[in-house]
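Student: show me how the following folds:
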Amino acid sequence: MIILVTGAAGPTGEAVSQYFAKNGHTVIGVDKADVDLLDRAAVQDLAERIAQEHGHVDGVIHLVGGWRGSSTFAETSLDDWNLLHDLLIRTLQHVSLAFEPLLRRSDNGRFVIVSAKAAERPSAGGAAYGAAKAAAEAWTLSLADALTGTPSAATILVVKALVNDAMREAKPDAAFRGFTDVNDLAAAIGGLYDRPAAEINGTRLDLTS
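Tutor: Residues are numbered from 1 along each chain as shown. Next up is the predicted model:
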């Protein structure tokens, strides 16, 4: 399979890329040093280059993220909203619009974003983050509707937060209760290929339960 991983340089991107590579798949990992995902033309050019080389994609794992918050609702900074809008929504828009046609050409394609419980029940100080995550989910569900009737699916994986080995080493006494390990996330993404597209298209799969 041909798997595109955006946000590939971070710990989550590395875990997902390694998972698919170890299972014998071709992984195309991109990060901001490779392609500016806020540049619509640059993302479209990436899609066209992949189309020319491979003809399709079997997975688009969109892992561009970020977090900003405040102590109280009234202290929410709209500069934080602008940043989160670009990271969580605009990059998603550019990637999904460019790669939806290539997913349609796959025999078993998957488009995946990682959302957060905060989208369901945002805290007072997490207004910008919760709203951005909710908007990203809505956009992804629209993509899922577009993929209805095809062999591909768009799915939202929900976590409380993610944890990796470096975080555990930095805080050995922390419990990270309810967090999802990045390697478990990678395995969950891989498991989506074992289920029919129609079963998971447009669904929110909660990895915290």
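Student: Asp79: how many residues sit nearby?
Tutor: Per other C-beta atoms under 10 Å, the neighbour tally for Asp79 reads 10. Using the backbone N, CA and C atoms, a C-beta is placed for each residue, glycine as well.
Student: what's the spacing between it and Thr203?
Tutor: Separation of Asp79 from Thr203 (C-beta to C-beta, to the nearest Å) stands at 34 Å.
Student: tell me which other helices or strands the helix or strand harbouring Tyr129 touches.
Tutor: If you go by DSSP states H and E, Tyr129 is part of helix 127-147. Applying 3 or more C-beta pairs under 8 Å, 6 or more residues apart in numbering; DSSP states H and E, one finds that helix 127-147 makes contact with helix 78-84, helix 91-104, strand 110-116, strand 153-159.
Student: tell me, how many residues neighbour Trp139?
Tutor: By other C-beta under 10 Å, the residues close to Trp139 number 18.
Student: what sits against it?
Tutor: 89, 92-93, 96 (C-beta atoms under 8 Å, 6 or more residues apart in numbering).
Student: before we move on, what about Leu205?
Tutor: By C-beta under 8 Å, 6+ apart, Leu205 lies in contact with 155-158, 188.
Student: doesn't it belong to a strand?
Tutor: Yes. The assignment for Leu205 by DSSP: H, G, I helix; E, B strand; the rest coil puts it in a strand.
Student: any idea how far Ile113 is from it?
Tutor: Going from Leu205 to Ile113 by C-beta to C-beta gives 11 Å.
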